[in-house]
Every structure is written in structure tokens, then in C-alpha cells.
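Asker: coords below, sequence missing:
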Ligand SMILES: Cc1cc2nc3c(=O)[nH]c(=O)nc-3n(C[C@H](O)[C@H](O)[C@H](O)COP(=O)(O)O)c2cc1C
């Protein structure tokens with residue numbers, strides 16, 4: 001696959017500038033999210049967007065784990081991917097569906113020339129309180145989105161700590177033909 005493919009261009013960035021995203025950009029990302037496949041087309045996601053211009057922005061940033069706040073505060077948009085209300089027993093496929101939805105969001109944002117970073121570290125009750133998420137819903141993950149910043153404006157330590165993680169194992173470690181453990 002070519003290197004200009006958004007699958008390869010996407011990365012978990014810590015480098016945002018504080019410009020706001022346009023409504024068209026936000027809606028394009030949300031629409032891409034909603035076109036993800038889902039079990040029985042249940043579309044179990046509820047996505048809440050908090051933009052830089054909202055008075056909830058600093059509040060939602062403060063709900064993130066401290067390491068995430070350092071770079072997320074410079075972004076333009078926080079997308080909270082949660083489930084719709086779960087009335088019955090929680091079906092793990094729901095989080096799988098929401099994961100597909102989130103990947104669509106990241107690919108679309110990358111195509112738009114934006115930076116993204118998915119995060120799993122937040123204080124659940126605080127996020128619920130800021131975004132008014134009902135108890136019958138679960139937060140699946142949070143996606144930080146923004147315009148690309150200048151590398152010269154962030155600390156070398158932050159860049160290095162995140163660049164290190166941009167590796168992948170050999171295909172043979174994760175894929176076999178026919179059965180588990182067979183060589184690739
Ligand atoms: C569910 C999930 C949770 C994550 N949580 C965090 C997080 O809390 N903080 C962080 O810096 N990165 C987080 N990441 C980003 C991963 O560290 C990153 O995807 C991985 O290192 C691969 O790097 P890449 O996204 O640049 O390819 C998370 C990613 C996923 C999918």
C-alpha cells in the first residue's frame with residue numbers, strides 16, 4: 001500500500017495547534033464514524049463532540065489522565081465515543097462496533113489533513129458529569145482531533161516518548177494461514 005494511504009498516515013499525534021475545526025470538518029468525521037459496520041446494523045454509538053470554543057472544553061480536558069492532558073489541551077475537538085443506552089446485558093460486540101466507528105473517524109480526519117489521538121485514560125464519573133452521559137451508557141473511548149501544530153513548539157521529550165511507539169511487529173507474529181502457529 002502506498003505511503004499516502006491515510007491508514008499509514010494516521011498516527012497518534014501529540015502535536016496540535018489550537019485552531020478550531022470547521023463545522024464541515026466535524027460533520028465529515030462524524031458521518032464517517034456513522035458509516036462503520038456494526039452487528040445487525042445496531043449502530044450502538046453515541047458520539048459527543050466538545051469543541052475548543054465550548055465552555056466544557058477545559059472541563060473535559062481535566063477529566064483525562066494527566067499525561068494525556070499535556071497534549072490534548074492544544075487540540076480543537078474532543079470526541080467522546082460512548083454506547084447508546086444499554087437497557088439489557090452489555091454485549092461486548094458493542095465496543096467492537098464502536099471501535100470500527102472510531103477507526104473510520106481517524107481515517108477521515110487524516111484524509112482532511114487533521115491529527116488524531118485515541119485515548120483510554122480518563123476519569124469515568126467526571127466525563128459522565130461534564131457530558132451528561134446517562135448511567136445506562138458506557139464510555140468506549142475518547143478521540144482527540146486537531147489541526148497539525150509545529151513540532152518546534154512542543155518539547156523534545158514529548159515527541160520522543162510518542163515516536164518510540166510507532167512500530168509494528170512482523171506480520172508472522174500476528175498472522176497464520178490455515179491454523180494458529182503455522183508459519184506465514
Ligand atoms: C483504545 C486505545 C487507548 C489508547 N489510550 C492512549 C492513552 O491513554 N494515551 C496515549 O498517549 N495514547 C493512547 N493510545 C494510543 C496508542 O498508544 C497508539 O495507538 C499506539 O502506540 C500505536 O501508535 P500509533 O497510533 O501512532 O500507530 C490509545 C490507543 C487506543 C486504540
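Answerer: Perfect, I can see it now. Just so we're clear, the structure is a prediction, and the values are computed from it rather than from any experiment.
Asker: Report whether the longest strand along the chain contacts the ligand.
Answerer: What stands out as the longest strand in the chain, according to DSSP state E, is strand 139-148. Yes - counting by Cβ under 6 Å from any ligand atom, the ligand has neighbours in strand 139-148: residue 141. To be clear about C-beta, it is placed using only N, CA and C from the backbone, and glycine gets the same treatment.
Asker: and if you look at stretch 115-135?
Answerer: Yes - Stretch 115-135 reaches the ligand (Cβ under 6 Å from any ligand atom) through 118-121.
Asker: Of those, select the buried ones using a ChimeraX command.
Answerer: Entered in ChimeraX, the line below selects the buried ones among those, by 16 or more other Cβ atoms under 10 Å:
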select :118,119
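Asker: Kindly give the local confidence score, pLDDT, for residue 77.
Answerer: Looking at residue 77, its pLDDT stands at 98.
Asker: Do a quick rundown of the helices in the chain.
Answerer: 6-9, 23-34, 57-62, 66-72, 93-111, 124-131, 156-163 (DSSP state H).
Asker: what's in contact with the helix or strand of the chain with the lowest mean pLDDT?
Answerer: In the chain, the helix or strand scored least confidently by mean pLDDT, DSSP states H and E is helix 156-163, which has a mean of 79. Here helix 156-163 makes contact (Cβ atoms under 8 Å, 6 or more residues apart in numbering) with 12-15, 70-71, 151.
Asker: tell me which residues in it are buried?
Answerer: residue 162.
Asker: how long is stretch 103-119 from one end to the other?
Answerer: Stretch 103-119 has its terminal residues 12 Å apart, counting by Cα to Cα, to the nearest Å.
Asker: Distance from the chain centre to it, please.
Answerer: 7 Å (Cα atoms, centre = their mean, to the nearest Å).
Asker: Give me the residues contacting that stretch.
Answerer: Contact with stretch 103-119 is made by 6-7, 9-16, 21, 25, 28-33, 35-36, 64-65, 68, 71-72, 75, 79, 81, 102, 141-149, as judged by Cβ under 8 Å, 6+ apart.
Asker: got the residues of this protein near the ligand?
Answerer: Counting by Cβ under 6 Å from any ligand atom, the chain sits next to the ligand at 11-12, 68, 118-121, 141, 165-166.
Asker: which among these gets closest to residue 98?
Answerer: residue 141 (7.3 Å; Cβ to Cβ).
Asker: Run a quick neighbour tally on residue 105.
Answerer: Per other Cβ atoms under 10 Å, the neighbour tally for residue 105 reads 26.
Asker: who touches the closest residue to it other than its chain neighbours in this structure?
Answerer: Setting aside the residues directly before and after it, residue 105 is nearest to residue 33 in space (Cβ to Cβ, 6 or more residues apart in numbering), at 4.4 Å. By Cβ under 8 Å, 6+ apart, the residues touching residue 33 are 45, 47, 81, 101-102, 104-105, 108.
Asker: Fine by me, thanks again.
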